[in-house]
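**Q** Quick one, what's the 3D model for this:
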Amino acid sequence: MRLPGNQIREAGSVGLADWRATIGSQIVPLQIDEVGSVPFRGRLKCRQVEDISVFEITATPHVVSRTEELIRRGDGRYYKLSLQLCGDAVLEQDERRADLCPGDLAIYDTHRPYRLTFIENSLTMVVVFPHELVDLPRDEIAEVTAIRFPADQGLGKVINPFFIELARNMEQVAGVHGGRLVRSALDLLVTMLSQHLQPHQGSRTRPARSLAREVREYVLAHLADPTLTPPTIAQAHYISTRHLYTIFSTEGQSISAWIRSRRLEHIRRDLADPVWADRPVSAVAARWGLLDAAHFSRVFKAEFMESPSVYRERLLATPRPI
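**A** Numbering: from 1, shown residues only. As a prediction, the model looks like this:
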């Protein structure tokens, strides 16, 4: 996984050919076409925070399609959050359709086909982030793609305004403090998705899937415990270790690998956070249950392609924009 430093990029108003090239290089390759007789013009602002990208997109009417052919090019697995700021749009994925008005949020997956239609001049904030940053499993996220989360209902009354203010203050999404801000925003998104999923799953949730969700929640609550292992987790849920491995076999990775990836992600976040800058790397790792400093350094480098100390130095040394 590439972990870029915090960066600021901006592309002036461009025509359709240049827009396709810009979007393909900075987000993911997309099929983009004009709508109606209005010549296309688009403007892009981007804030890069580690491996999370925040875009402000201003454009004339157009249609965006992510096709199977483009997906097969293999440019990573990402989720995209769209916040409609001005103009209406229509998002289609997984046989669902979301009619988005200003203030609405929606999430979609770049690893499956989707279509976005901007039927009028629009201003949109798009947040692009790897699948790995979300604690929810992919099959559950697939149940909430192309669903409208309005600003006047449920948690949207609290969470959508946060994203709206984030969009209005893009200059704050830079440097080490910007990283904390964006990660907090993603945490809020996961909270909203989790709340939406629970009543919709209800009685149709398979017992094994329900138990797997319960195990994930238990693990996330006990990541800091160095004694957290498959046997202790199984014991806490009154099942055998073998049964634990079985129910997790459909999750895409073993439970041990999932625990390790969650711990490493939390450690990575803390290493990029100025709040923890005065703590030794080993102390940050121990905070999330990894007490063996040498082992932690090896697994971190294997996962993120650089040592934890180099990663921290690079992120925290990134100068703030003037």
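
**Q** quick one: residue 304 from residue 54, how far?
**A** 21 Å (CB to CB, to the nearest Å). The way it works is simple: take the backbone N, C-alpha and C, and place the C-beta from them, glycine included.

**Q** next one: residue 236
**A** Taken as CB to CB, the span from residue 236 to residue 54 is 38 Å.

**Q** circling back: for residue 304 and residue 54, indicate the residue with more neighbours.
**A** Ranked by neighbour count (other CB atoms under 10 Å), residue 304 and residue 54 place residue 54 first, with 25 against 20.

**Q** Hmm, residue 172 and the more buried one touching each other?
**A** No - Residue 54 is beyond contact range of residue 172, at 10.3 Å (criterion: CB atoms under 8 Å).

**Q** Isn't residue 73 up against residue 30?
**A** No - judged on CB under 8 Å, residue 73 makes no contact with residue 30 at a distance of 11.3 Å.

**Q** Those two: which has the busier surroundings?
**A** residue 30 (18 against 9).

**Q** nearest residue to the more buried one other than its sequence neighbours?
**A** residue 64 (5.2 Å; CB to CB, 6 or more residues apart in numbering).

**Q** With residue 24 instead?
**A** Nearest one to residue 24, counting by CB to CB, 6+ apart, is residue 30 at 6.6 Å.

**Q** Would you quantify the distance from the one you found to residue 74?
**A** Distance from residue 30 to residue 74, by CB to CB: 15 Å.

**Q** helix/strand/coil for the residue located most distally from the centre of the chain?
**A** Largest separation from the mean C-alpha position in the chain: residue 37, at 35.3 Å (CA atoms, centre = their mean). What DSSP: H, G, I helix; E, B strand; the rest coil gives for residue 37 is coil.

**Q** per-residue pLDDT, it?
**A** Per-residue confidence at residue 37 stands at 82 (pLDDT).

**Q** how about the strands of the protein, start to end?
**A** For the chain, applying DSSP state E gives strands covering 7-14, 31-34, 42-49, 52-59, 62-66, 78-86, 89-93, 96-100, 105-109, 114-118, 122-130.

**Q** closest to residue 164 out of those strands?
**A** strand 78-86 (6.8 Å; CB to CB).

**Q** and that closest one, which residues are buried?
**A** Residues of strand 78-86 classed as buried: 78, 79, 80, 81, 82, 83, 84, 85 (neighbour count, 16 or more other CB atoms under 10 Å).

**Q** which strands and helices sit next to the top helix by length along the chain?
**A** Scanning the chain for the longest helix, with DSSP state H as the assignment, gives helix 175-201. For helix 175-201, the packing partners by 3 or more CB pairs under 8 Å, 6 or more residues apart in numbering; DSSP states H and E come out as strand 42-49, strand 52-59, strand 105-109, strand 122-130, helix 138-141, helix 156-168, helix 308-316.

**Q** Kindly recompute the last result at 7 Å.
**A** strand 42-49, helix 156-168 (3 or more CB pairs under 7 Å, 6 or more residues apart in numbering; DSSP states H and E).

**Q** mean confidence score for the shortest one?
**A** Strand 42-49 shows a mean pLDDT of 88.

**Q** on that earlier part again, take the buried residues of strand 78-86 and write them to CSV, including pLDDT.
**A** Shown next, in CSV, are those (pLDDT from 0 to 100):
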residue, pLDDT
78, 93
79, 96
80, 96
81, 96
82, 96
83, 96
84, 96
85, 95
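
**Q** Adding distance to residue 230, write the residues you listed out as JSON lines.
**A** As requested, these are exported to JSON lines (distance: CB to CB, whole Å):
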{"residue": "78", "distance to residue 230": "30"}
{"residue": "79", "distance to residue 230": "28"}
{"residue": "80", "distance to residue 230": "34"}
{"residue": "81", "distance to residue 230": "33"}
{"residue": "82", "distance to residue 230": "38"}
{"residue": "83", "distance to residue 230": "39"}
{"residue": "84", "distance to residue 230": "43"}
{"residue": "85", "distance to residue 230": "46"}
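
**Q** Nearest to residue 103, out of the residues you listed: which one, please.
**A** Of all those, residue 84 has the smallest distance to residue 103: 6.9 Å, by CB to CB.

**Q** The closest one and residue 102 touch, don't they?
**A** Yes - contact criterion CB atoms under 7 Å: residue 84 and residue 102 qualify, at 5.4 Å.

**Q** who touches both of these two?
**A** By CB atoms under 7 Å, 6 or more residues apart in numbering, residue 84 and residue 102 have no common neighbours.

**Q** which ones are touching the spatially most central residue of the chain?
**A** Residue closest to the mean C-alpha point of the chain, counted by CA atoms, centre = their mean, is residue 129 at 3.6 Å. Residue 129 sits next to 52, 78, 79, 186 when contact means CB under 7 Å, 6+ apart.
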